[in-house]
Structure formats: structure tokens, C-alpha cells
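Chemist: how would this look folded up:
(one chain, ligands or ions: 2)
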Amino acid sequence: MKIVDAKVVVTSPGRNFVTLKITTDEGLTGLGDATLNGRELSVASYLQDHVIPLLIGTDPHRIEDTWQGLYRGAYWRRGPVTMAAIAAVDVALWDIKAKAAGLPLYQLLGGASRERVGTYGHASGTDIPELLDSVRARIAEGYPSIRIQTGVPGLKAVYGVHSTGHDGDAVAHQQARPMVEDWDTAAYMRHIPEVFEAVRNEFGPELPLLHDAHHRLTPIQAARVAKDLEPYRLFWLEDCTPAEDQEGLRLVRQHTTTPLAIGEVFNTVYDYQTLISEKLIDYVRSAVTHFGGVSPLKKLFDFAAQHQIKSGIHGPEDISPVGMAAAIHLDLAIHNFGIQEYSGYTQLTEEVFPHAYTFTNGYLHPGEAPGIGVELNEDLAAAHEYKAAYLPVNRLQDGTVHDW
Ligand code: GCO
Ligand code: MG
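Modeler: Numbers count the residues shown, from 1 in each chain. Ligands and ions are numbered 1, 2, ... in the order given. This is a model prediction of the structure:
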């Protein structure tokens, strides 16, 4: 088999998605997700200008060799743009291989290790009463676990709340320049234990609760928050410190038994070397789409498994249904699965990307269609053109730029 064509489709059915479609001489096609929120066109160009010319004429079955060729062959390694582009190729080739075998991808990854994939959904509110309503709504939808985020008194806009889409996910605003959110770490640190207290009082001790600090705390602040939240038995505290400082997590770890999750902005195993080998975290958060694809993410999970660390694949709306499907196949197959983030998509996005995977009462299943089980409605995709959109930037009240 040979690759005879490959193209990049950029579409915006509400938000931007970048999809790679590879076609073979036998008529098999494969899809890969290359969406990088706010930097979509850079990945599209990387693929179009530098990767697709290398793919034409090659054997799509040689996934590992193609991956290594793209990773090592460029000389310049790692980084979100490069790794999103490589991820799209990797997933599209796995899609083709599994279709050629007539099997859903999870069968090629070792087969199912479980019957269904547990998820967490997003609950958010500008204040605590609104948050409690949102938690109630997620429970009614069947979500077994829930991430909670609230506004902080005195702040206008906070991650996961005011800049949110239909489900409390962060939205890239469709405008030429990023909007600005405000932040006050001390106010947040005073408020967050009250939020957990209210949610536990209302919903009891059993409901698994998660929280995302979105890289905003220093290690000592994160240690304080994680300790203050210990009585509420979190499922995890996510991204408590700026993720690039692996050593910072050592200090947090020394002070708390709150489980820690990190890694949605990571793109290679090297970002996790210290974190995993020293057991500084409990869940690895990388997405198939930003980590170079199914091949390296499977290796990461195997490395994590040796240290009793589990998966918690990043799955907000800015991962397309193609990237989500690839994640669900991995979730079903690996032994050290932890949880899958899933916030759903708008109706229009579902129509652009018809898929075999299902979401039923809070649990996902990849379905039995050969490949990853996602199609691309190219006409509908073409009817919704790219629109410039950016995530917010974060500033302290004196105007200083802060981590977002
Ligand atoms: C999450 C994330 C997202 C990010 C978004 C940025 O935990 O789901 O923090 O909501 O903010 O992926 O593009
Ligand atoms: Mg997050």
C-alpha cells in the first residue's frame, strides 16, 4: 500500500479544528487531529508545507518508522506545533492500519481491558449556588465524576467560568486579539476550600471531585491549596503549578496527599521524566493530539504504569472528535486507565465529524467500526471557514501578566 494523497482541512463549526486526511492507492483513508487552540494555522502550514510532501509515496503501514522519521528527521524536535502535526500523521496511519485489518483500533492496541470508559464532566458557576446547580445538571446527565470551578469574589473573569462555552470549558474567543482575564491568587486561595465545603455538604462524600488550578500557583502556594483541600478527598488537583517546572512538583508532593495531575501542555515523554520516575504525580494528562499521537502516548502510559501512575487524557472541546476517538481506543485498551475528560461537542461539530464512539450515562465506548471510527463531512466542513480565535491572557490586578 502507498500514500497517494494527503490534505489538511481547517474548519470552524463553532470553534476551529485542523484535520489531516491521508488517502492510499487502495482507497483506504485515515484521519488525524492536528488542532492546537489559538495556533491552528501554524500546524496546518507545518503539515502542508513540510510533512505532506514527505508522506506521498510511502507505505502507510510503517507507522513507527514514519513517526521516527518526522521526529528525528526534522532535526528541530518537540514543541506543540511539531508534535500536533506528527500526532495527526500517527493517528491517520493507525486509522488506516486498523481499517486494513478490519478491526477497531483498540484491538490493535491489545484489545479491551474494560467494558467502558469512565469520564468526568465540567461543572462551573459564577458563585457557589450557580455551581451547585451545575453539579446537579452533570449528575443528571450521568457523569460519574465532576470537575468543579467557580468565580472568585472580586474577580471579573476566571478560568473555567466566565470565559466558558456551553459546558464550562475554556473558549477561544473569536476575535483578532486575546481578551484579558483578571487574577488574584490570595483571593482564590481563600475561596477554594469554601467551594469544596459547599459541594461536599450538598452532595456528600462519595462523588469524585476534580479541580483545575490552571498553572496559576507557585509550588508553595500549590502545597497550601492541596493541603487545605485534603479533607474533601479530591480525585485530583490539576495543573497546580506552571507545568514546565517539573522540580516544582517535588515541593508540592512533600506536603500533601491530594492526588496530582498534570501534562495537558506537555508534548513528549521528556516533559515527564522527573515527574514519573520520582512518582511526583498520580495522573498524566496529555492528549493524543498534542503528544505526537497514539504511538508515543501508549509508550508514556506504559512508563507511567511502572510507577503506579494512571492516565487522565485531556479531552476539552478543543480536541476534535478525531482526537477524542483516538483517546477512547487507548482508554479502553491500556491497563492503567484512570479517567477520561469529556465535555461533549456542539451539534454542528457532531455533524462535521460523524463517529462510531458513544457516550452513554457518563461512559464512553469507541464502537466497533474498523479504524478509529470517525468520518469527516468535507462539504459541511468547507461551509464553516476558519475564524481567528484566541484563548484569554491573564493579568494580575496591577496589570502584570500571569500564568493562564
Ligand atoms: C482542561 C483544560 C482546557 C484548556 C484548553 C486550552 O482541563 O480541559 O485546562 O480547558 O484550557 O484546552 O486550549
Ligand atoms: Mg486543564
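
Chemist: what helix or strand is residue 376 on?
Modeler: Using DSSP states H and E, residue 376 sits within no helix or strand.

Chemist: also residue 71?
Modeler: helix 63-73.

Chemist: check which helices and strands that helix sits against.
Modeler: Helix 63-73 is packed against helix 52-55, helix 80-101, helix 294-306, with contacts defined by 3 or more C-beta pairs under 8 Å, 6 or more residues apart in numbering; DSSP states H and E. Every residue, glycine included, has its C-beta placed from N, CA and C.

Chemist: check which residues of it are buried.
Modeler: Of the residues in helix 63-73, 63, 66-67, 69-71 count as buried by neighbour count, 16 or more other C-beta atoms under 10 Å.

Chemist: wait, a helix at residue 137?
Modeler: Yes. Secondary structure of residue 137 (DSSP: H, G, I helix; E, B strand; the rest coil): part of a helix.

Chemist: please name the nearest non-neighbouring residue to it.
Modeler: Nearest non-adjacent residue to residue 137, counting by C-beta to C-beta, 6 or more residues apart in numbering: residue 123, 7.3 Å away.

Chemist: end-to-end on stretch 273-287?
Modeler: Criterion C-alpha to C-alpha, to the nearest Å; first-to-last residue distance in stretch 273-287 is 17 Å.

Chemist: just to be sure, the residue nearest to residue 137 is in a strand?
Modeler: Yes. Per three-state DSSP, residue 123 lies within a strand segment.

Chemist: and the end-to-end length of stretch 40-49?
Modeler: Start-to-end, stretch 40-49 (C-alpha to C-alpha) is 14 Å.

Chemist: about what we covered before: so which of the helices and strands packed on helix 63-73 is the most packed in?
Modeler: Mean neighbours per residue, mean count of other C-beta atoms under 10 Å, is largest over the helices and strands packed on helix 63-73 for helix 80-101, with a mean of 26.

Chemist: tell me what that helix is packed against?
Modeler: Using 3+ C-beta pairs under 8 Å, 6+ apart, helix 80-101 sits against strand 17-24, strand 29-33, helix 40-45, helix 63-73, helix 105-108, helix 294-306, helix 321-333.

Chemist: format these as TSV; extra columns: distance to residue 244 and mean pLDDT.
Modeler: Shown next, in TSV, are those (distance: least, C-beta to C-beta, whole Å; pLDDT from 0 to 100):
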stretch	distance to residue 244	mean pLDDT
strand 17-24	24	98
strand 29-33	24	99
helix 40-45	20	98
helix 63-73	20	98
helix 105-108	31	99
helix 294-306	17	98
helix 321-333	22	99
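
Chemist: low-confidence stretches in the protein?
Modeler: Scanning the chain for pLDDT under 70 picks out the ranges 162-171.

Chemist: residues from this protein in reach of ligand 1?
Modeler: 37, 169-170, 212, 214, 264, 314, 316, 318, 341, 391 (C-beta under 6 Å from any ligand atom).

Chemist: of those residues, closest to residue 403?
Modeler: residue 214 (7.6 Å; C-beta to C-beta).

Chemist: against residue 393, how distant is the closest residue to the closest one other than its chain neighbours?
Modeler: Leaving out its chain neighbours, the residue that sits closest to residue 214 by C-beta to C-beta, 6+ apart is residue 159, at 4.4 Å. Taking C-beta to C-beta, to the nearest Å as the measure, residue 159 falls 12 Å from residue 393.

Chemist: can you check residue 116 too?
Modeler: 39 Å.

Chemist: again, but for residue 113
Modeler: 41 Å.

Chemist: for residue 141, same thing?
Modeler: 32 Å.

Chemist: check residue 368 too.
Modeler: Between residue 368 and residue 393 the computed distance is 44 Å (C-beta to C-beta).

Chemist: list the contacts of the most centrally placed residue in the chain.
Modeler: Closest to where the C-alpha atoms of the chain average out (C-alpha atoms, centre = their mean) is residue 314, at 2.3 Å. Listed by C-beta atoms under 8 Å, 6 or more residues apart in numbering, the contact partners of residue 314 are 263-264, 285-287, 290, 341.
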